[in-house]
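Q: Provided below for reference: sequence and predicted model.
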Amino acid sequence: MFDRLFGKRAPGAGRGGPLAGLAVPSSAGVLSCRVLDPVHEPVRQAEFVVTDAVGRKVLGGETDPYGTVLATVPAGEYRVAVTSEGYTPYHGSAVVAEGEHRGLGDVLLQVAPQPELPEPGDWEIDPLHSQIGFTARHIGLARIHGRFNSFAGAVRIAERMEHSAMHVVIDAASIDTGVQMRDDHLRSGDFLDVGAFPTLEFFSERFVHRGGSRWAVTGALTLHGVSRTVTLDTQYLGLGNGLEGETRGACRATTELHREDFTLTWQTLLARGIAAVGSSISIDLDIQIVPKAGGRS
């Protein structure tokens, strides 16, 4: 029995118990489990989501360094989903009663089959099914969401994926934030200076497998006449077929750019009090590639 309305303790919360010191509301209970890999080692930072009987999210989070999930929830029926990169998702259910501890025990995650990699050869980005977007702060408050509407790219898949290469060219003038006046300013000499630097280019010959479907693609990004090393945090989504039966590969990638790395002009604008774009810019890519005609090695 709990001591107070919002201070009574869950079973096992006595001295030395696993829930020692945990205060739980009178209408709630405790839900817990431990997430393990196939060799029974804890899976840290696995994501979990608890939903109620009608599918509404009640709470979510990550497992602790020991693979533990411990949640206080209102009495009721729940679904528990656990996911972690490289493993097959787990789905379970539990009924939590008032004042009770409902333990799911050990949740054993199985290694997920790896998505099939593209065949070696020359591939190209399909611009109709791809997007290069960005997010930046505007005047330190709101966020600007934009994209580049015109780009092209080629990927040479090697026998070993780690030896592959890619080259992407972006039309700087195709920048689009949905506001004509702002886009004209971004194209001007104050920012991209598209007259002098009509393209942005990214070239990489370094693909590093980070486990599961995660890859790091590191290369040189040339923007405003300056080249800097950039790493794309990439999630490979696998292969599929298009409407006409053609093979397609897909991935998502993100990175963060710091404008000071590429131009001093923008810094001058800051000194003049024109903070049109924040110092860091998040880049998000959704890319589909298709085999280049005659490009299969």
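A: Alright, I've got the coordinates.
Q: Compute the number of surrounding residues for residue 186.
A: Residues lying near residue 186 (other CB atoms under 10 Å) number 22. For every residue, glycine as well, the C-beta is placed using N, CA and C.
Q: Look at it and give its secondary structure.
A: Of the three states, residue 186 takes helix under DSSP: H, G, I helix; E, B strand; the rest coil.
Q: Give me the number of neighbouring residues for residue 291.
A: By the measure other CB under 10 Å, the count of residues near residue 291 is 18.
Q: residues in contact with it?
A: Residue 291 makes contact with 119, 121-124, 246-247 under the criterion CB atoms under 8 Å, 6 or more residues apart in numbering.
Q: Mind listing the strands the host helix or strand of it pairs with, and their directions?
A: Residue 291 belongs to strand 280-296 when elements are defined using DSSP states H and E. Neighbouring strands of strand 280-296 in its sheet, by DSSP bridges, are strand 121-125 (antiparallel), strand 131-138 (antiparallel), strand 247-258 (antiparallel).
Q: For my notes, please list those strands in CSV and give distance to residue 148 and mean pLDDT for each entry.
A: Formatted as CSV, those follow (distance: least, CB to CB, whole Å; pLDDT from 0 to 100):
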stretch, distance to residue 148, mean pLDDT
strand 121-125, 12, 97
strand 131-138, 5, 84
strand 247-258, 13, 93
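Q: who wins for proximity to residue 205 among these?
A: For residue 205, the closest of the strands paired with strand 280-296 is strand 121-125, at 14.7 Å, according to CB to CB.
Q: For the stretch 101-250 of the chain, just list every one of the helices.
A: With helices called from DSSP state H, counting those that start in this stretch, the stretch 101-250 of the chain shows them at 180-187.
Q: which stretches of it aren't confidently modelled?
A: Under the criterion pLDDT under 70, the flagged ranges of the stretch 101-250 of the chain are 137-141.
Q: show me the contacts for residue 107.
A: Counting by CB under 8 Å, 6+ apart, residue 107 has contacts 33-36, 82, 90, 92.
Q: change it to 10 Å
A: 33-36, 43, 46, 48, 63, 67, 69, 80, 82, 90, 92 (CB atoms under 10 Å, 6 or more residues apart in numbering).
Q: Tell me the spacing between it and residue 44.
A: Separation of residue 107 from residue 44 (CB to CB, to the nearest Å): 13 Å.
Q: Output stretch 57-68 as PDB, restricted to C-alpha atoms.
A: Provided in PDB are the C-alpha atoms of stretch 57-68 (Å, rounded to 0.1, in the frame of the first residue of the first chain):
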ATOM      1  CA  LYS A  57       1.200   7.200 -27.600                       C
ATOM      2  CA  VAL A  58       1.500   7.400 -23.800                       C
ATOM      3  CA  LEU A  59       5.300   7.800 -23.500                       C
ATOM      4  CA  GLY A  60       8.500   6.900 -25.200                       C
ATOM      5  CA  GLY A  61      12.200   7.100 -24.600                       C
ATOM      6  CA  GLU A  62      15.500   5.100 -24.700                       C
ATOM      7  CA  THR A  63      16.800   2.200 -22.700                       C
ATOM      8  CA  ASP A  64      19.500   3.000 -20.100                       C
ATOM      9  CA  PRO A  65      23.100   1.700 -20.300                       C
ATOM     10  CA  TYR A  66      21.800  -1.600 -18.800                       C
ATOM     11  CA  GLY A  67      19.100  -2.000 -21.400                       C
ATOM     12  CA  THR A  68      16.300  -1.300 -18.900                       C
END
